[in-house]
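S.K.: Fold the following for me, if possible:
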Amino acid sequence: MLSSLVKKTIQSSKKLDSLVNNKSTSSLVYQKRFLNVHEYQAQKMMKSFGINCPVGNVAETPEEAEKIAEVMNTQDLVVKAQILAGGRGKGIFTSGLKGGVQLCSSAEDVKKFASKMLGHTLVTKQTGEDGKVVHQVYVTERHFLRKEMYFAILMDRKAGGPVMVASPEGGVDIEGVARDNPSAIYKEPIDIMVGVQPEQTKRLAEKLGFSKKNIPMAQDQMKKLYDFFIKNDCTLVEINPLAETASGDVLCMDAKLNFDDNAAFRHPDIFKLRDKSQEDPREVKAAEFDLNYIGLDGNIGCLVNGAGLAMASMDIIKLYGGSPANFLDVGGGATQKQVTEAIKLISSDKKVKSILVNIFGGIMKCDVIALGIIAALKELSIATPLVVRLQGTNVEAAKKIMEDSGLRLIAADNLDDAAQKSVRIAEIVSLAEKSDLEISFKLPL
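M.R.: Presented below is the predicted three-dimensional model:
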């Protein structure tokens, strides 16, 4: 139940855990905010470390794409839509074009496909039905590949450091390989104090099936990828495929990079590359106020302190037949302003029919939560009913604040009661809307 509810929250951790530990879900579930950059940005950075990538350039108009192709002066070209999501090759554009990766044989073809990509929305298995708008295309040279492999470096809690993960089955859905053929996944834990050793890269290169003459080149690329990973505080470097070409080269054909947000102060140039247009606007807004927010598809908003309690709250909502609209953890040291902004953020979602506030006051004080809720309700004309369950530090003061406010806040003494009330209210409002009945919960009264 939990993994389906917060799949967007734990997508990265689940994927990495499945590759490293051959499990479909992770026992440790937690939110991650790791900077993700576009493919063209990733390859530009990698080239500066001596990592072999296809020649290419980025374009924002069909005309720019055509000029890039003309300068490259080759009939073997590829046009790739640039969005921060996987599955581009099998995606569908709102323009009707099928596939976000297109092979071309002329500059005219490049311009034609670029015009059908730029400014249009690409829907893939990872974007959801809303898709993502394409603002750039990456025009690269096409290579004929003799062998496609998978290679990644990631931080693994179980190993206590970096792990190289590789498979001879590259260029495909690697999660499927981990699920259906786990023996085809090879791992090399690395001592971060010593660094990757030649025998480790050689072992992986041989298992991946590189030709004998290209093993030293493959080792060199793996070492450079590891240096890139460490130098830039990456949490993930994923190359799919890592390829051996018909001409005998070893190339990183496609790259996905994630960077640890905690290291942003060390890499201002990298973090300037963040493309907020590719992110959920609500999540961007939440980040401005240091709120841990992930939008989901349900109709019951959640405001909770602590990731564990937030997930438990979503689980119990589901248990009583409801569906959470979001994951929102205000943290242990939230201010009144943050709580106010959290209420604003949740209530801005038109799908939300009720809001569950579930606070266990330890470091977080219940009276601060109460003041934040009241400030939000007074500032905004929020019609969405709030069910409030408070326990812990300053809970009596919080209850008095809410009682004296004169606002209609639905109190609950325990989580079961709070969840059931939230679900029932959401059902009533949804049924009324479907029946075109005028029913509302107006706050304040």
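
S.K.: where's residue 346, which helix or strand?
M.R.: Here residue 346 sits within helix 336-347, counting by DSSP states H and E.

S.K.: swap in residue 200?
M.R.: With DSSP H and E as criterion, residue 200 is part of helix 198-208.

S.K.: Buried by neighbour count: which residues of that helix qualify?
M.R.: Buried residues in helix 198-208, counted by 16 or more other CB atoms under 10 Å: 200, 201, 202, 203, 204, 205, 208. To be clear about C-beta, it is placed using only N, CA and C from the backbone, and glycine gets the same treatment.

S.K.: Stretch 402-417 now?
M.R.: In terms of neighbour count (16+ other CB under 10 Å), stretch 402-417 has its buried residues at 402, 405, 407, 409, 410, 412, 415.

S.K.: correct me, but the fifth one touches residue 385?
M.R.: The reference is to residue 410. Yes. Counting by CB atoms under 8 Å, residue 410 sits close enough to residue 385 to count as a contact (6.1 Å).

S.K.: what's the longest helix along the chain in contact with?
M.R.: What stands out as the longest helix in the chain, according to DSSP state H, is helix 415-434. The contact list for helix 415-434 (CB atoms under 8 Å, 6 or more residues apart in numbering) reads 299-300, 312-313, 316-317, 319-322, 353-356, 358, 385, 387-389, 410, 412, 438-439, 441.

S.K.: what about the helices in the stretch 151-300 of the chain?
M.R.: Counting by DSSP state H, counting those that start in this stretch, the stretch 151-300 of the chain has helices at residues 174-180, 198-208, 215-231, 268-271, 281-288.

S.K.: and the first one, how far from the chain's centre?
M.R.: What it means is helix 174-180. In terms of CA atoms, centre = their mean, to the nearest Å, the centre of helix 174-180 is found 20 Å from the chain centre.

S.K.: Pull out the buried positions in it.
M.R.: Buried residues in helix 174-180, counting neighbours by 16+ other CB under 10 Å, are found at 174, 177, 178.

S.K.: can you check the longest one too?
M.R.: Taking 16+ other CB under 10 Å as the basis for neighbour counts, the residues of helix 215-231 that come out buried are 215, 217-226, 228-230.

S.K.: Quick one: mean pLDDT over it.
M.R.: Mean per-residue pLDDT for helix 215-231: 96.

S.K.: Direction-wise, compare that helix with helix 198-208 and give the angle.
M.R.: Per axes from the mean of the first three to the mean of the last three CA atoms, to 10 degrees, the angle that helix 215-231 makes with helix 198-208 is 120 degrees.

S.K.: Okay, strands next: where are they in the stretch 251-400 of the chain?
M.R.: Taking DSSP state E, counting those that start in this stretch as the criterion, the stretch 251-400 of the chain carries its strands at 255-260, 292-295, 300-304, 326-329, 354-361, 386-392.

S.K.: Sounds good, over and out.
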